[in-house]
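Asker: missing the sequence, but the structure's below:
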């Protein structure tokens, strides 16, 4: 039996971990799209490194595109087996994969116009809406916290981990010569203080752990300061400067967490009377889906719902789906808040809002989540000026602010607490993925210092034998 790492090894996107069982069955844990990596990412998205037709099963940890976004490409190239996940993840994937296909269609048309103008051949789109429909037909839902047999001698157990709605760690029981080996992939680890979801739950004792590392080198600020900081930013930008706050936010969980915080401020009569736009069809639909899965909500928000009713709605909040309504937002010259996808600002309507507002010093671009260095949000965070948007250079006159309170990834202290359910001496190996090099190195040191004996940083295309 072995594990081969085909994505998110030494990097943060494109998660794919291939398990080969004793019976030579091939189980793919996640099938993510490489995002924010330019031409290198495009090459990786077109070349899996393995034969998709040989994959027997896929198991999804959650619906984020860097974990699910290449599923239609996998199907297009020959995969026809079941895709296992829980019901919430299946509901979100129906939205997010179709949205991904539409974004790719739009982006590829733009790229190919430039390539043809330079005398270069047009590129083939990764997948289209028909490929997505075929993919969705392969989904099979599993219950959380329930052992389910798949394949010849394998069982799977999904444990909620609070990263986004539906997100889980994946535990596999693999048999070799009749003896079980327990392998857990943590997926993206959520935070115990998530304002909407219940905190991460303990997963079964494991022999091997594939562990994410996104924030292995840092600690997040105290969550209780978030409302105060957001309200201060609204006051400085929207009241004092009469400007706009532009927030690139992932459509699932981060957008809803910001809306919920603004809703609480409005309920307390602290939020100024300004328009708040959620300008993303995906975010609008994802908010509706989240509202249907209250079984994953924590007690705090459930108690709030009894007082306020809908935690994702207040008088000055506007959900925008139509393109023409999105364009009309630019006609609003007064102060407002615009929340739009994507979180890395590399696709979708957010790029237009940033382009339209980045040269006004009264405005603020507020970054609330992780962004790869090569993404637009990453370049803004790192102080690049000017930045290139839609093939043109834009001077950065707007303020660029960051609020890590909204991060969906646990920091290293929270990850250590998450792993505390494990008996360290029984863990034969921990393999670190989904992080940049500083985070990976720091997280490895933290784990070794806390008593884990065999901690390794996974390398791309590396194969690890497991007993």
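Answerer: Looks like it arrived, so ask away. None of these values were measured; they are calculated from a predicted model.
Asker: element containing residue 74, please.
Answerer: In the assignment (DSSP states H and E), residue 74 maps to helix 71-76.
Asker: show me what secondary structure element comes after that helix.
Answerer: The C-terminal neighbour of helix 71-76 among helices and strands, as given by DSSP H and E, is strand 83-85.
Asker: next one: stretch 225-238 to chain centre, how far?
Answerer: 25 Å (Cα atoms, centre = their mean, to the nearest Å).
Asker: do the same with stretch 182-197
Answerer: In terms of Cα atoms, centre = their mean, the centre of stretch 182-197 is found 12 Å from the chain centre.
Asker: what about that stretch, average pLDDT?
Answerer: Averaging pLDDT along stretch 182-197 gives 95.
Asker: buried residues, it. List them.
Answerer: Judged by neighbour count using 16 or more other Cβ atoms under 10 Å, the buried positions of stretch 182-197 are 182-191, 193-197. Just so you know, the C-beta spots here come from the backbone N, C-alpha and C atoms, and that holds for glycine as well.
Asker: nearest to residue 20 among those?
Answerer: residue 183 (11.8 Å; Cβ to Cβ).
Asker: please name the bridge partners of that closest one.
Answerer: residue 172, residue 208 (DSSP bridges).
Asker: the stretch 151-300 of the chain: strands as residue ranges?
Answerer: Listed in chain order, the strands of the stretch 151-300 of the chain (DSSP state E, counting those that start in this stretch) span 154-160, 168-176, 179-185, 208-212, 244-248, 275-279.
Asker: dump those to TSV, plus distance to residue 90.
Answerer: As requested, the strands of the stretch 151-300 of the chain are exported to TSV (distance: least, Cβ to Cβ, whole Å):
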stretch	distance to residue 90
strand 154-160	12
strand 168-176	12
strand 179-185	18
strand 208-212	22
strand 244-248	26
strand 275-279	23
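Asker: what's the most buried one of those strands?
Answerer: strand 244-248 (a mean of 27; mean count of other Cβ atoms under 10 Å).
Asker: against which helices or strands is that one packed?
Answerer: In terms of contacts (3 or more Cβ pairs under 8 Å, 6 or more residues apart in numbering; DSSP states H and E), strand 244-248 is packed against strand 336-340, helix 350-357, strand 364-367.
Asker: quick check: mean pLDDT of it?
Answerer: pLDDT averaged over strand 244-248 gives 97.
Asker: in its sheet, which strands sit next to it, and in what direction?
Answerer: Strand pairing (DSSP bridges) places strand 244-248 next to strand 336-340 (parallel), strand 364-367 (parallel).
Asker: export those strands to TSV and tack on mean pLDDT and mean neighbour count?
Answerer: As requested, those are arranged in TSV below (pLDDT from 0 to 100; neighbours: other Cβ atoms under 10 Å):
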stretch	mean pLDDT	mean neighbour count
strand 336-340	96	26
strand 364-367	97	24
